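S.K.: Could you look at this predicted model? Sequence included:
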Amino acid sequence: MSTPDGSREASGPQTLSAPPASNSAASPRSASLTAADLQAAYTLGQQHESELTQELLLEQPVVVGIGVIWRAGLCCLLRPSNVIGKLKTLDAFDYKVYCAIEQAGTTGVWTADLRKSTGLQTHIIQRSVKQLCDFLKLIKPVKSIHVKNRKMYILAHLEPAKEIAGGSFYSNGEFNEHLVEHLREQTRTFLQNAGTASFQALAAYTRSSGERNGATFSDEDLEKVLNSLEFEQKICRVPTLGQPTFVWSKFPALYDPSGLPCSTCPVKSSCYSREENKISPANCEYLSSWLGLDFEVDATSEAEEASAADP
């Protein structure tokens, strides 16, 4: 939401809040709002990227009816009621750091950016973060999947954005390989027993399995798992009217692409199937061994046979 000084604030729909008196000489005046008024204002802000401006409110009769903007020309800051009491105990520095983290929303912010946005010194930032995180539990640290050694901070009641936390397949900033393999195994078992299954059926089964293990998965997560199985030729995607049907492949893949010697061959760019070419699949001992054709060729016998064939 936007405060009178133009800063943006993002928060939950509960209570009208003002900054501590020590932080501003002209704090916003309080107003009597009903729960329906707060919900309407919060919904409006969420529909406009968590920004609630005076111009936006003037265009919305349901919010103008609150009378706050109409009479006083200010914006209200909506925060959970359990946060208000803790905010009243903050000094000006701690509140400034809290507002900067609040403004960052679900993408989070790290201490270097806090120093730039607040203009406070590093030791003050560190003290405020420790106070807000360890003692008051108003914020929490989040590991970024992009920068492993960097702690991002968001409000304690928010969940980090997928581009920061990585989504369902990441845990504390690390890729959860065990979870992905579990999903692949669940998909394999279901398709082997059912023969065929629609995407909806697979999604329902996967979600029920995940809920038993305390995890939640989206359709996008399941699609990634199915794509990996399809790439390995373990399932087939059969086009149908509407969403496709998935079938478990009864035959193993002809080869494992990751084991193909050509993929790591240093001279593959010079390899051609031509008689005059010295580097070719026909005389590659690594490819012959991989295909199970690793028998020795008597070059002398071949030369003698070629000479005998000449007139």
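M.R.: Sure thing, it's come through.

S.K.: Would you verify that T216 is located in a helix?
M.R.: No: going by DSSP: H, G, I helix; E, B strand; the rest coil, the assignment for T216 is coil, not a helix.

S.K.: Isn't it up against S168?
M.R.: Yes: shown here, T216 and S168 form a contact pair, counting by Cβ atoms under 8 Å, at 6.5 Å. C-beta here means a position set from N, CA and C on the backbone, and glycine is covered the same way.

S.K.: who has more neighbours, those two?
M.R.: Taking other Cβ atoms under 10 Å, T216 and S168 do not tie; S168 has more neighbours (20 against 10).

S.K.: gap between that one and S218?
M.R.: Per Cβ to Cβ, to the nearest Å, S168 is found 7 Å from S218.

S.K.: Likewise for V267?
M.R.: Between V267 and S218 the computed distance is 45 Å (Cβ to Cβ).

S.K.: what helix or strand does the residue nearest to S171 when sequence neighbours are not counted sit in?
M.R.: Sequence neighbours aside, L179 is the residue nearest to S171 in space, at 7.6 Å (criterion: Cβ to Cβ, 6 or more residues apart in numbering). Using DSSP states H and E, L179 maps to helix 177-194.

S.K.: buried residues in that helix?
M.R.: Neighbour-count burial for helix 177-194 flags L179, V180, H182, L183, R184, Q186, T187, F190, L191 (criterion: 16 or more other Cβ atoms under 10 Å).

S.K.: do stretch 102-113 as well
M.R.: Neighbour count says stretch 102-113 has E102, Q103, A104, G105, T106, G108, V109, W110, T111, D113 buried, by 16+ other Cβ under 10 Å.

S.K.: Stretch 150-157 too?
M.R.: For stretch 150-157, by 16+ other Cβ under 10 Å, it's K151, M152, Y153, I154, L155, A156.

S.K.: Repeat that for stretch 196-203.
M.R.: For stretch 196-203, burial by neighbour count (16+ other Cβ under 10 Å) applies to A197, F199, L202, A203.

S.K.: And for stretch 233-250?
M.R.: Using 16+ other Cβ under 10 Å as the burial criterion, the residues of stretch 233-250 that qualify are K234, I235, C236, T245, F246, W248.

S.K.: same check, this time on stretch 219-234
M.R.: Going by 16+ other Cβ under 10 Å, stretch 219-234 has these buried residues: D221, L222, K224, V225, L226, L229, K234.

S.K.: That stretch - what's its average pLDDT?
M.R.: For stretch 219-234, the mean pLDDT works out to 85.

S.K.: Residue numbering should commence at 2 henceforth.
M.R.: Renumbered: residue one is now 2, and that last one reads stretch 220-235.

S.K.: ok, and the closest residue to Q122 other than its chain neighbours, which helix or strand is that part of?
M.R.: In space, and not counting its chain neighbours, Q122 is closest to R116: 7.5 Å by Cβ to Cβ, 6+ apart. Under the criterion of DSSP H and E, R116 resides in helix 112-119.

S.K.: Residues touching the next helix or strand after that helix, excluding its own?
M.R.: Using DSSP H and E, the helix or strand that follows helix 112-119 in sequence is helix 123-131. Helix 123-131 is contacted by residues F94, D95, K97, V98, Y99, T112, L115, R116, T119, L121, I140, Y154 when judged by Cβ atoms under 8 Å, 6 or more residues apart in numbering.

S.K.: wait, is the fourth one part of a strand?
M.R.: When you say that, I think you mean V98. No: secondary structure of V98 (three-state DSSP): helix, not part of a strand.

S.K.: distance of G86 from K117?
M.R.: With Cβ to Cβ as the criterion, G86 and K117 are 30 Å apart.

S.K.: And for W111?
M.R.: 10 Å.

S.K.: Equivalent analysis for N278, please.
M.R.: Distance from N278 to K117, counting by Cβ to Cβ: 60 Å.
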